[in-house]
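J.: Fold the following.
(one chain, ligands or ions: 1)
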Amino acid sequence: ADVKRYQFDIVMSNVSRLCHAKSMVTVNGSYPGPTIYAREGDRVVVTVTNRVARHNVTIHWHGLKQRRNGWADGPAYVTQCPIGPGGSYAYDFNVTGQRGTLWWHAHIAWLRATVHGAIVVLPPPGVPYPFPKPDAEAEIILGEWWHADVEAVEKQGRVLGMAPNASDAHTINGKPGPLFPCSEKHTYALQVQWGKTYLLRIINAAVNDELFFSIAGHTMTVVEVDATYTKPLRASTIHLSPGQTTNVLLRADQRPGRYFMAVHPFNDGPGGVPADNNTATAILQYAGVPASVLPVPPPPAVANATCLAAAFHGRLRSLNSARYPAAVPLAVDRHLLYAIGLNIDPCASCPNGSRLAASLNNITFVMPRVALLQAHHEGIKGVFSADFPDRPPARFDYTGAAAPLRLGLGAAAGTRLSRVAYNASVELVLQDTRLLAVESHPFHLHGYNFFVVGSGVGNFDPERDPGRYNLVDPPERNTVGVPSGGWTAIRFRADNPGVWFLHCHLEVHTSWGLKMAFLVEDGDGPDESVLPPPKDLPEC
Ligand code: C2O
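T.: Numbering: from 1, shown residues only. As a prediction, the model looks like this:
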């Protein structure tokens with residue numbers, strides 16, 4: 001195993017898209033930021049130096065388990081205090097038992113809009129992929145571009161108590177593509193040769209938008225999600241929630257030409273509108289075809305997005321081979337049911353006297369001022385309580401037309417964690433509700449992969465639904481979409497001690513409080529406790 005060292009300088013950079021220029025926070029001046037390459041088993045040390053005057057920063061390595069080493073996980077005030085202007089912190093971690101595509105991003109306020117990049121973990125030397133070796137590989141990072149300063153967008157929403165402005169464009173590797181006005185020169189192109197096969201490492205780094213990815217005239221084969229191998233799945237449209245990654249094999253086997261790749265937003269209406277001058281695109285460019293050839297038009301936009309996404313994810317299966325078995329917990333020690341609520345809270349300073357909020361089991365999470373992991377490890381009192389409820393305060397018709405709004409209005413605020421015994425097997429059912437409105441929510445758990453054993457529309461039925469779980473080869477992920485007006489059940493074994501964040505990966509909902517954390521206790525064995533904190537851990 002090697003040691004891979006990277007230096008990340010957090011700097012202000014001038015970036016322009018769609019004829020709008022702005023100064024924004026980047027890593028090393030690049031947008032998206034640099035890719036981290038490692039092999040399974042390597043140690044990675046990324047020294048992050050904050051060279052901007054006005055921003056605190058932390059970086060999260062989304063999907064890396066960081067076993068016993070939450071100090072390197074990155075969410076601000078959960079596992080560390082932020083790196084202040086002028087400060088430096090070395091994220092030092094081992095990439096053990098994982099390989100595939102993940103990504104890194106800033107994990108404080110909305111800074112991840114511009115501060116993110118890919119992580120590529122290759123198998124150990126001599127270990128092949130469990131699918132035909134591709135001729136080449138490429139990273140495809142989907143994102144969002146705002147003309148305005150992203151922090152100002154977030155702040156405006158907070159001050160008004162309303163939803164913040166949507167982004168001005170989606171992007172592919174930071175570029176909106178030629179259909180947008182004034183964007184011709186910001187177009188990503190993937191060069192391919194006829195007959196060859198490419199591994200595309202697709203990442204949804206968008207801040208608030210679920211996205212669909214497709215390529216005109218081509219079908220893809222999914223082979224991996226969230227850095228876990230899957231059974232090969234043919235698909236012409238790939239759905240990714242923010243936070244999710246998907247590897248596909250693409251064979252360049254169509255008539256040599258130029259083809260649009262397209263990113264479509266989540267549209268739950270019945271009719272798909274065709275791609276227009278607001279559709280983010282890139283070009284699949286066959287070798288030898290002149291750039292003057294008109295690209296084959298982008299695939300049409302999606303309709304009925306909730307159904308399409310559910311159908312796509314419902315067909316995913318983990319590989320579950322002898323070498324990569326799916327170790328699904330069959331018995332459950334701890335049953336959890338978290339009701340997801342969008343709420344309206346009173347707000348004296350807001351123009352409407354109220355503001356949008358969000359909650360899990362009627363609790364709107366309040367960020368502490370001391371990092372939770374530090375408070376736990378050092379026994380600092382008064383930072384959090386470990387009494388997060390295992391189920392909603394009352395059983396009700398979660399998704400029915402007449403969901404009891406009062407349950408969701410003025411949810412209780414608190415910094416409450418759920419205490420879990422080391423090595424317990426946990427089942428968590430995430431249940432969307434109609435407290436204010438149903439919506440789909442991508443939930444991300446830090447420190448773990450989990451198995452998505454079931455999902456459905458309407459209310460989870462504890463008598464009927466577990467009988468239909470897939471306990472053989474369910475997809476293994478770190479981020480899962482809870483369908484709009486439905487539920488998703490996940491299982492994991494709590495074998496990673498520490499404090500681990502669980503949150504909606506739509507940044508707008510995270511800001512509203514749609515988050516909580518697990519406190520997984522130390523075990524008694526020699527490798528079962530949180531490691532000591534590094535010397536350069538930032539202070540609050
Ligand atoms: Cu990708 Cu808590 O984040």
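
J.: Need the three-state assignment for the residue lying closest to residue 27 once chain neighbours are set aside.
T.: Using C-beta to C-beta, 6 or more residues apart in numbering and skipping the chain neighbours, the partner closest in space to residue 27 is residue 33 (3.8 Å). Glycine gets a C-beta too; all of them are placed from N, C-alpha and C. The local conformation at residue 33, judged by DSSP: H, G, I helix; E, B strand; the rest coil, is coil.

J.: what number of residues lie near residue 33?
T.: Using other C-beta atoms under 10 Å, residue 33 has 25 neighbouring residues.

J.: count of residues packed around residue 222?
T.: 20.

J.: Just the local confidence number for it, please.
T.: Per-residue pLDDT puts residue 222 at 98.

J.: Please name the bridge partners of it.
T.: residue 233, residue 248 (DSSP bridges).

J.: Now do residue 117 against residue 393, distance only.
T.: 41 Å (C-beta to C-beta, to the nearest Å).

J.: Likewise for residue 89?
T.: For residue 89, the distance to residue 393 (C-beta to C-beta) stands at 39 Å.

J.: So the two - more neighbours on which side?
T.: Taking other C-beta under 10 Å, residue 89 and residue 393 do not tie; residue 89 has more neighbours (25 against 13).

J.: Quick check: chain neighbours aside, which residue is closest to that one?
T.: Once flanking residues are discounted, residue 89 sits nearest to residue 83: 5.0 Å by C-beta to C-beta, 6+ apart.

J.: what about the one you found, how many neighbours?
T.: There are 24 residues near residue 83, going by other C-beta under 10 Å.

J.: list the helices and strands whichever strand or helix holds residue 190 packs on?
T.: Using DSSP states H and E, residue 190 maps to strand 189-192. The elements that strand 189-192 packs onto, with contact taken as 3 or more C-beta pairs under 8 Å, 6 or more residues apart in numbering; DSSP states H and E, are strand 197-204, strand 280-286.

J.: Tell me what angle the following helix or strand past the longest one forms with strand 280-286.
T.: It stands for strand 197-204. Counting by DSSP H and E, the next helix or strand C-terminal to strand 197-204 is strand 211-215. Inter-element angle recorded for strand 211-215 and strand 280-286: 20 degrees (by axes from the mean of the first three to the mean of the last three C-alpha atoms, to 10 degrees).

J.: List the strands paired with strand 211-215, with their directions.
T.: Assessed with DSSP bridges, strand 211-215 is paired to strand 237-240 (antiparallel), strand 258-265 (antiparallel).

J.: rewinding a little: a markdown table for the helices and strands packed on strand 189-192, including distance to the ligand?
T.: As requested, those are exported to a markdown table (distance: least, C-beta to the nearest ligand atom, whole Å):
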| stretch | distance to the ligand |
| --- | --- |
| strand 197-204 | 10 |
| strand 280-286 | 21 |
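
J.: how about TSV for those, with mean pLDDT and mean neighbour count added?
T.: What follows is the helices and strands packed on strand 189-192, written out as TSV (pLDDT from 0 to 100; neighbours: other C-beta atoms under 10 Å):
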stretch	mean pLDDT	mean neighbour count
strand 197-204	99	23
strand 280-286	98	23
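
J.: Return the distance of residue 476 relative to residue 466.
T.: According to C-beta to C-beta, residue 476 stands 19 Å off from residue 466.

J.: The two: who's more crowded?
T.: Using other C-beta under 10 Å, the more surrounded residue of residue 476 and residue 466 is residue 476, with 25 against 17.

J.: residues touching that one, list them.
T.: 225-226, 228, 318, 326, 449-452 (C-beta atoms under 8 Å, 6 or more residues apart in numbering).

J.: Need the nearest residue in space to it, chain neighbours excluded.
T.: Nearest to residue 476 is residue 228, by C-beta to C-beta, 6+ apart, at 4.2 Å.

J.: Return the set of residues that bridge with that neighbour.
T.: Under DSSP bridges, the beta-bridge partners of residue 228 are residue 225.

J.: Near whatever residue of the stretch 1-150 of the chain ends up closest to the ligand, how many other residues are there?
T.: Closest residue of the stretch 1-150 of the chain to the ligand, C-beta to the nearest ligand atom: residue 62 (3.7 Å). When neighbours are defined as other C-beta under 10 Å, residue 62 has 27 of them.

J.: does the closest residue in space to it that isn't next to it in sequence have beta-bridge partners, and which?
T.: Closest residue to residue 62 apart from its sequence neighbours, by C-beta to C-beta, 6+ apart: residue 103 at 5.2 Å. Beta-bridge partners for residue 103, by DSSP bridges, are residue 62, residue 118.

J.: where exactly do the helices run in this protein?
T.: For the chain, the helices defined by DSSP state H cover 150-160, 305-314, 372-378, 405-408, 507-511.

J.: Count the residues that sit near the closest residue to residue 184 other than its chain neighbours.
T.: Computed as C-beta to C-beta, 6+ apart, the closest residue to residue 184 that is not its neighbour in sequence is residue 178, at 4.9 Å. Neighbours of residue 178 under the rule other C-beta under 10 Å: 17.
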